[in-house]
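Trainee: I'd like to go over a predicted model; first the sequence, then the structure.
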Amino acid sequence: MYKKKIARSAIAVAVAGLGMQAAHAQSSVTLYGIVDAGFTYTNNQKGEHNIQATQGNVQGSRWGLLGSEDLGGGNKVLFRLENGFSLETGALGQGGRLFGRSAWVALQNSKAGTITLGRQYNSVQDYLSNLQANGVGALSQYGNAIYDNDDLNNTYRTSNAVKYTTPTIAGFTANAMYAFSNTAGDFANNRAWSVGADYVNGPLRLDAAYSLTNQPATNTTGAAPSDNYYSTSTSIISNVKRNQVWGAGGAYTIGPATLALLYTNSHFDIIAGGSLHFQNYEAMLKYQATPATLVTLGYIYTLQNSTAASAKNAHYNQVALGGEYFLSKTTDLYLNGIYQRASGANAWVEGISNPSSNQGQFVTVAGIRHKF
């Protein structure tokens, strides 16, 4: 009888141990994605109007894998692999990378925070995107600042990066990132670092961030690869020696309405000499008119100062109005209108293929977005 009790106890302990291992080894992998396509009309591209089939208008088309494993004791392993592609052509985005939007693995502790390694967003993109009109409202990528000079439209992401993110304490979260050049004997060439913070308390949100990249786009292996950075085909920004961005802002929500204000400051030292300096002042009002209808109004004033031979001083006023109608929780229809007026330069709405032949450019876009 005594031996049977011992055997039963041993079996019970073994089963309990297996249960604990199973609990500690709980893991999940989620397949997700966004497909976004529509039509864009531009009144002036190099003097001609244009109607185009376009995709990724509100959000870039993508699919991804998001995974986690519970290690027990408040520890987790996380990963994200996210592919960007053109819905119109099927081509890979982000310079032809398989997982060009994100590719990282992370170790997280509920009390100590998270360390993430791989290709990922910097602190400016992590935090200031919470306040930009197209990030939190119903506006498309065309509602961004000219040339995406503050990189909030994700012209480039950062490779070879390690990032630390604090746990959220009393509404406060911060992170810091360093990205390696991966070049032997040239440690400072094409490296980057950034810091940022976010504070949320009920209806109030505050964000601030800074990023610095040295010698970006000098190769394809560094922090900012040359095949996924600014170029003269999409802007006046190219051949950059040093790229610095910082910004701050806040948002406040009252019932169905949210007001956000954002300031960003972008500085590009040019290899040939001189610099390009942009200051962006952005305001956004978002209103949830009905459970199915979201309306957003955005305004950006950009001041461009140049000591480089490739550009002159200029300033830009841009206003955008957009609406989304949700057919379901995962599918919506959208309609946007954007007008930009330039002084000292030709207008060029961000994301449009070519600049205007004069100081004004009007864009309207309509389409459908589905999330899965």
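Mentor: Here it is on my side, so go on. Numbering: from 1, shown residues only.

Trainee: C-alpha only now, for contacts and for neighbours.
Mentor: OK.

Trainee: what's the span of stretch 161-175, first residue to last?
Mentor: 13 Å (CA to CA, to the nearest Å).

Trainee: Other residues contacting that stretch?
Mentor: Residues from elsewhere that reach stretch 161-175 (CA atoms under 8 Å, 6 or more residues apart in numbering): 110-120, 123, 176-180, 195-201, 223.

Trainee: try stretch 106-124
Mentor: 74-79, 100-105, 152, 157-167, 175-177, 193-197, 208-211, 245-247.

Trainee: Could you rerun that using 7 Å?
Mentor: 74-79, 102-105, 157-167, 175-177, 194-196, 209-211 (CA atoms under 7 Å, 6 or more residues apart in numbering).

Trainee: Give the buried residues for that stretch.
Mentor: Across stretch 106-124, burial judged by 16 or more other CA atoms under 10 Å covers 106-109, 113-124.

Trainee: Report the two of the residues you listed separated the most.
Mentor: 109 and 124 (23.5 Å; CA to CA).

Trainee: How about residue 49, nearest residue that isn't a chain neighbour?
Mentor: Distances taken as CA to CA, 6 or more residues apart in numbering put residue 43 closest to residue 49, at 4.4 Å, once the chain neighbours are dropped.

Trainee: before we move on, which element is the one you found in?
Mentor: Secondary-structure assignment from DSSP states H and E places residue 43 in strand 27-45.

Trainee: Now that strand: average pLDDT?
Mentor: Across strand 27-45, pLDDT averages out at 97.

Trainee: From the contact counts, what lies against that strand?
Mentor: Using 3 or more CA pairs under 7 Å, 6 or more residues apart in numbering; DSSP states H and E as the contact test, the elements touching strand 27-45 are strand 48-55, strand 62-72, strand 360-371.

Trainee: Would you reformat the ones you listed as JSON lines and include distance to residue 89, mean neighbour count and mean pLDDT?
Mentor: Below are those laid out as JSON lines (distance: least, CA to CA, whole Å; neighbours: other CA atoms under 10 Å; pLDDT from 0 to 100):
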{"stretch": "strand 48-55", "distance to residue 89": "9", "mean neighbour count": "14", "mean pLDDT": "96"}
{"stretch": "strand 62-72", "distance to residue 89": "13", "mean neighbour count": "18", "mean pLDDT": "97"}
{"stretch": "strand 360-371", "distance to residue 89": "16", "mean neighbour count": "21", "mean pLDDT": "97"}
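
Trainee: could you pull out the helices for the chain?
Mentor: All helices of the chain, identified by DSSP state H, fall at 2-24, 123-128, 133-136.

Trainee: which of these has the lowest average pLDDT?
Mentor: helix 2-24 (a mean of 41).

Trainee: Show me what counts as buried in stretch 316-329.
Mentor: 316-326.

Trainee: From residue 157, how far out is residue 278?
Mentor: Residue 278 is 20 Å from residue 157, by CA to CA.

Trainee: burial measure for residue 28, as a count.
Mentor: By the measure other CA atoms under 10 Å, the count of residues near residue 28 is 11.

Trainee: who's it bridged to?
Mentor: Beta-bridge pairing for residue 28 (DSSP bridges): residue 68.

Trainee: That one against residue 65, yeah?
Mentor: No. Counting by CA atoms under 7 Å, residue 65 is not a contact partner of residue 28; they are 10.1 Å apart.
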